[in-house]
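In: Got a predicted model here, sequence first, then my questions.
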Amino acid sequence: MKRLILHIATLALAVTPAAVFAAQPDDSETTVVTEDDSRDIRENAVVIPDGDADDIDIPVPSFIRQRANKITLNGSDPSKLRQAVMMSNVKPVSMLLIGDSHVQAGINSGVTRELMQYDFGNAGRGIIAPLRLSGTNEPSDYYFQSRNQWNAVRLMNASWEQSVGFTGTSIHPLTSESQLFIATSEKEDYNPFTSVTIFHRGQMTIKSVTTSEGKTVHFRAVPSHDYTQIILAEPVTGIDVDFSSAGDLTVYGASLDSGRPGVKFHSIGNNGATYDTYNRIGNVGQGIVPLEPSLVIIALGTNEAFGKFDSAEFTRSVDRLVKNIRATNPDAFIVLTTPMECQRSITTSKKVRVKGKTKKGRPRYRTTSVKSYKVNSNIASVRNAIIDYGRRNNVAVYDWYDVAGGAGASSSWLSANLFAKDRVHHTAAGYRLEGRMLYDAILSTLRD
């Protein structure tokens, strides 16, 4: 991974009715404090270089609570996951991480994938989504491109003109004859694939498959209800897929498989996502069935902590997504991850009376605004709700809040240059550390 996708935007002063100055003519000073919901930061992105991405020797700072770095089972049974990993030298084992912008960037999941595949073998890149074609950032280790025009919809759009699949994004071709370029990045380690499974709704007829140099690749297309598998005659790192479609085609993503044993560590991330927004899709559980996940990790909760937090409503949303996934993936070991402490911005505006009067004879005032930050206290409430849900429903929990340092962790991460300037997201080093710690926790569960 050569780049890090982070979310940085200019903070606009959000003036709510409570923030409107109501000074009387004889008031000498008025101070108003407003909290920003950081929505732009959480849902939009820019690219920041990641210069140390090839180094898998990731140091662990002293404030990381390594003794807490484990998955609490809460009475759940990981034996099927352990058995699947033990047999991964014969049959590939599939793992899936579902999350928000922390996952969409692909840095933390990329580290976890790299370390898992170093131990157990590389069964393929796994799921990729047309994020850039949808107008947002995507991980730097793959390409999902096209020469054609598409209509795109993302998870966080207020309204959907077309269906959104389990990846949280979808693209619809505006022509009946279309092309997709699907590849792993040459900037990363050599990562060929021998089959591509394109997830879609509607009719798709594969016409031809060629390399980027124009060489014909022999293939066999195997259509199914929710996807089309393209089995290639030789391993490649990139292909152009030409196809025809009816007017109802919508593409959600693709899975790249190496044809070798080992681990496929899939990741699905969407900027600004919450449990509710994934529930809005309605069929996430059914959508991931073809991936055959033995492990499903759900890493959400940060975005719910901005704005008013209702623990009971949040718990219902968690329960709905867990049950949706479990109903169609009964053998999958499900793990809920708590979000780590972050901060939110505060704008303090002070209106001070100064000498002189206005042309209408009224007192004159000067307003100054200062931005500062404070710990987002809702994060701890989200964490407690997830832990409580896991205990009561026998669902495993990875308490990243505790592992990252607990209360006060955001200041430690800032001092160590592991937190981004927005104090919500991480730097490259921070995401890589997170990916390393998740790998260690999974490995501990497999060995216990």
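Out: Structure's in. What do you need?
In: Outline the domain layout of the chain.
Out: For the chain, automatic domain parsing gives the domain ranges 1-123+262-448, 127-259.
In: With mean neighbour count added, can I get those domains in CSV?
Out: Using the backbone N, CA and C atoms, a C-beta is placed for each residue, glycine as well. Formatted as CSV, the domains of the chain follow (neighbours: other C-beta atoms under 10 Å):
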stretch, mean neighbour count
domain 1-123+262-448, 18
domain 127-259, 18
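In: Where among those domains is average confidence lowest?
Out: Set side by side, these give their lowest mean pLDDT on domain 1-123+262-448, at a mean of 86.
In: Give me the distance between that one and the centre of its chain.
Out: On the basis of C-alpha atoms, centre = their mean, to the nearest Å, domain 1-123+262-448 sits 8 Å off its chain's mean C-alpha point.
In: again with stretch 161-179
Out: Relative to its chain's centre, stretch 161-179 lies at 20 Å (C-alpha atoms, centre = their mean).
In: again with stretch 211-220
Out: Worked out by C-alpha atoms, centre = their mean, stretch 211-220 lies 32 Å from the chain centre.
In: And that stretch, end to end?
Out: End-to-end distance of stretch 211-220: 15 Å, with C-alpha to C-alpha, to the nearest Å as the criterion.
In: if I've got this straight, Val111 is in a helix?
Out: Yes: counting by DSSP: H, G, I helix; E, B strand; the rest coil, Val111 is found in a helix.
In: what about the nearest residue to it once chain neighbours are set aside, which helix or strand?
Out: In space, Val111 comes closest to Gly435 once its chain neighbours are excluded; the distance is 2.9 Å by C-beta to C-beta, 6 or more residues apart in numbering. Of the helices and strands defined by DSSP states H and E, Gly435 is found in helix 428-447.
In: Between the two ends of stretch 273-292, what distance do you get?
Out: By C-alpha to C-alpha, the extent of stretch 273-292 from end to end equals 23 Å.
In: repeat for stretch 352-362
Out: Terminal residues of stretch 352-362 lie 14 Å apart, using C-alpha to C-alpha.
In: any idea how far Asp77 is from the residue nearest to Val111?
Out: Here the distance between Gly435 and Asp77 works out to 26 Å (C-beta to C-beta, to the nearest Å).
In: Equivalent analysis for Tyr227, please.
Out: Per C-beta to C-beta, Tyr227 is found 30 Å from Asp77.
In: again with Val60
Out: The spacing between Val60 and Asp77, counted by C-beta to C-beta, is 29 Å.
In: show me where the stretch 1-150 of the chain has strands.
Out: 3-6, 29-35, 46-49, 71-72, 93-99, 126-128, 142-145, 150-154 (DSSP state E, counting those that start in this stretch).
In: Please identify the pairing partners of the fourth one and their relative orientation?
Out: When pairs are called by DSSP bridges, strand 71-72 turns out to pair with strand 396-398 (antiparallel).
In: Make sure the residue nearest to Val111 is actually in contact with Ala105.
Out: No: if you go by C-beta atoms under 8 Å, Gly435 and Ala105 don't touch, sitting 10.6 Å apart.
In: Can you list the residue ranges for strands in the stretch 251-400 of the chain?
Out: Counting by DSSP E, counting those that start in this stretch, the segments of the stretch 251-400 of the chain that form strands are 263-269, 293-299, 333-337, 343-357, 363-375, 396-398.
In: will you turn these into CSV that also has distance to Val241?
Out: Shown next, in CSV, are the strands of the stretch 251-400 of the chain (distance: least, C-beta to C-beta, whole Å):
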stretch, distance to Val241
strand 263-269, 20
strand 293-299, 25
strand 333-337, 33
strand 343-357, 44
strand 363-375, 47
strand 396-398, 37
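In: Nearest to Lys70, out of those strands?
Out: Using C-beta to C-beta as the measure, strand 396-398 is the one of these that comes nearest Lys70, at 8.0 Å.
In: which helices and strands does the helix or strand just after the closest one pack with?
Out: Counting by DSSP H and E, the next helix or strand C-terminal to strand 396-398 is helix 400-403. Under the contact definition 3 or more C-beta pairs under 8 Å, 6 or more residues apart in numbering; DSSP states H and E, helix 400-403 sits against helix 378-393, helix 428-447.
In: out of the ones you listed, which comes closest to Gln83?
Out: Of all the helices and strands packed on helix 400-403, it is helix 428-447 that lies closest to Gln83, at 10.3 Å by C-beta to C-beta.
In: Give me the angle between that closest one and strand 263-269.
Out: Relative orientation of helix 428-447 and strand 263-269, computed by axes from the mean of the first three to the mean of the last three C-alpha atoms, to 10 degrees: 130 degrees.
In: I'd like to know which elements helix 428-447 is packed against.
Out: Where contact means 3+ C-beta pairs under 8 Å, 6+ apart, helix 428-447 is packed against strand 71-72, helix 79-86, helix 107-120, helix 400-403.
In: Looking at the helices and strands packed on helix 400-403, spot the one closest to Leu174.
Out: helix 428-447 (35.5 Å).
In: May I have stretch 190-201 exported as CSV, CA atoms only?
Out: Output of stretch 190-201 as CSV, limited to C-alpha atoms (Å, rounded to 0.1, in the frame of the first residue of the first chain):
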residue,chain,number,x,y,z
TYR,A,190,2.7,-9.3,-7.3
ASN,A,191,-0.9,-10.5,-6.7
PRO,A,192,-2.3,-12.5,-9.7
PHE,A,193,-5.8,-14.0,-9.9
THR,A,194,-7.3,-16.8,-11.9
SER,A,195,-10.9,-16.0,-11.5
VAL,A,196,-13.1,-13.0,-11.1
THR,A,197,-16.6,-13.1,-9.6
ILE,A,198,-18.6,-10.0,-10.6
PHE,A,199,-21.5,-9.3,-8.2
HIS,A,200,-24.4,-7.7,-9.9
ARG,A,201,-28.2,-7.5,-10.3
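In: before we move on, back to that, adding distance to Pro261 as columns, could you present the helices and strands packed on helix 428-447 in JSON lines?
Out: Output for these, formatted as JSON lines (distance: least, C-beta to C-beta, whole Å):
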{"stretch": "strand 71-72", "distance to Pro261": "24"}
{"stretch": "helix 79-86", "distance to Pro261": "11"}
{"stretch": "helix 107-120", "distance to Pro261": "8"}
{"stretch": "helix 400-403", "distance to Pro261": "30"}
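In: I'd like the helices and strands packed on helix 400-403 written out as CSV, with distance to Lys360 added.
Out: Below are those laid out as CSV (distance: least, C-beta to C-beta, whole Å):
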stretch, distance to Lys360
helix 378-393, 44
helix 428-447, 53
